[in-house]
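Participant: The following comprises the amino acid sequence and a computationally predicted model.
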Amino acid sequence: MWVYEKKLQYPVKIKTCNPKMAKYIISQYGGPDGELAASLRYLSQRFSMPTNEAKAILNDIGTEELAHLEIIGSMVYQLTKGVSAEQMELAGLGAYYTDHDHAVYPLSASGTPFTAAYIQSKGDPIADLHEDLAAEQKARATYENLINLADDPDVIEPLRFLRAREIVHFQRFGEALRLVQDKLEEKKHFVKKPDFMQ
Amino acid sequence: MEMGPNMNTHDMWMHADMNRERLLKEIMAVDFTIVELNLYLDTHPGDRNALMLYNSNVQRSRMLRQRYESMYGPLNALMSTSSYPWQWIEGPWPWEKEAL
């Protein structure tokens, strides 16, 4: 189960609204390499992991991704708070405003609603962990693109934090993959009591 | 801001708010250390030094949380008790600018 902590994992306090930046950042909420996809991917894959280390790392990173989802949601919320319909439209959010007003809705920067097709859960731990390694690199690259688009330090700081987390997660998944490979390669010993002991 | 007997009510509230933010940020930092060590220990369960560091940060977090919650209300609806009336609903919520 999960328990809510009434705090963010990393502070978000954006003093200046910027609906255009919100339009890009929302991709890490409901886009292909976003935090919602990451969390669902790991929390679904953990059930079929063969080692305790792999079960734990998928469980715990999947949980941390929910905290990142909340950081991104907070950024989108603060970047668009009190922004007029006209400013939303000028920032390219006219269609978004039509359907969602100032609510936070999971979609990509190009407007595609969130879909479970962004993730896989293959039941093969080697395939799944390789997907996870790639997912962390894609998320890192997306954060770098967002940092290149941003000019407000209030926006850049949380993005830098989230980028750094992708690198740590990649490292931990690499270690989990090695441990799983070691286990699968172990020689199996079948012990049978000699007949005379029966 | 001016401190002491001449401090007006607004400044006193501001001061309480700054203390709340400072303490909350300290808890956030300690809890982040715990998350980072948790992930590391998942793939290095035999690292005694990391485990000691993890345990000492958990103890520090417990101490800071107790102090925060006694003054500013619950951080968690499973582990914290509440004064009357139910304090959990009180803002600011974490996604609001006013939270920090």
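Facilitator: That came through fine. Residues are numbered from 1 along each chain as shown, chains lettered A, B, ... in the order given.
Participant: For stretch A:119-132, give the mean pLDDT please.
Facilitator: In this model, stretch A:119-132 has an average pLDDT of 98.
Participant: for stretch A:38-46, same thing?
Facilitator: 98.
Participant: So what touches it?
Facilitator: Identification of contacts with stretch A:38-46 by CB atoms under 8 Å, 6 or more residues apart in numbering or on different chains yields A:54-55, A:58-59, A:61-63, A:65-66, A:68-69, A:116, A:118-122, A:128, A:131-132, A:135, A:139. (Each C-beta comes from the backbone N, C-alpha and C, glycine too.)
Participant: and if you look at stretch A:85-104?
Facilitator: Contacts for stretch A:85-104 (CB under 8 Å, 6+ apart): A:18-20, A:22-23, A:26, A:29, A:73, A:76-77, A:80-81, A:83, A:105, A:107, A:111.
Participant: Mind checking if the helix or strand where A:Leu177 lies is in reach of chain B?
Facilitator: Per DSSP states H and E, A:Leu177 falls inside helix A:153-185. Yes. Counting by CB under 8 Å from any CB of the partner chain, chain B has neighbours in helix A:153-185: A:168-169, A:172, A:175-176, A:179.
Participant: which of the contacts of stretch A:85-104 come close to chain B?
Facilitator: With CB under 8 Å from any CB as the criterion, these include A:73, A:77, A:81 near chain B.
Participant: Doesn't the first one lie inside a helix?
Facilitator: Spelled out, it's A:Gly73. Yes. A:Gly73: assigned to a helix according to DSSP: H, G, I helix; E, B strand; the rest coil.
Participant: For it, which non-adjacent residue is closest in space?
Facilitator: Nearest non-adjacent residue to A:Gly73, counting by CB to CB, 6 or more residues apart in numbering or on different chains: A:Val104, 5.0 Å away.
Participant: number of nearby residues for that neighbour?
Facilitator: Neighbour count for A:Val104, taken as other CB atoms under 10 Å in any protein chain shown: 18.
Participant: Which secondary structure state does it sit in?
Facilitator: Per three-state DSSP, the secondary structure class of A:Val104 is coil.
Participant: where does it fall, phi/psi-wise?
Facilitator: A:Val104 has phi and psi values of phi -100, psi 120 when expressed as degrees, to the nearest 10.
Participant: Now do it, the pLDDT please.
Facilitator: On the pLDDT scale, A:Val104 is placed at 98.
Participant: Can you tell me how far it is from A:Leu149?
Facilitator: Separation of A:Val104 from A:Leu149 (CB to CB, to the nearest Å) stands at 19 Å.
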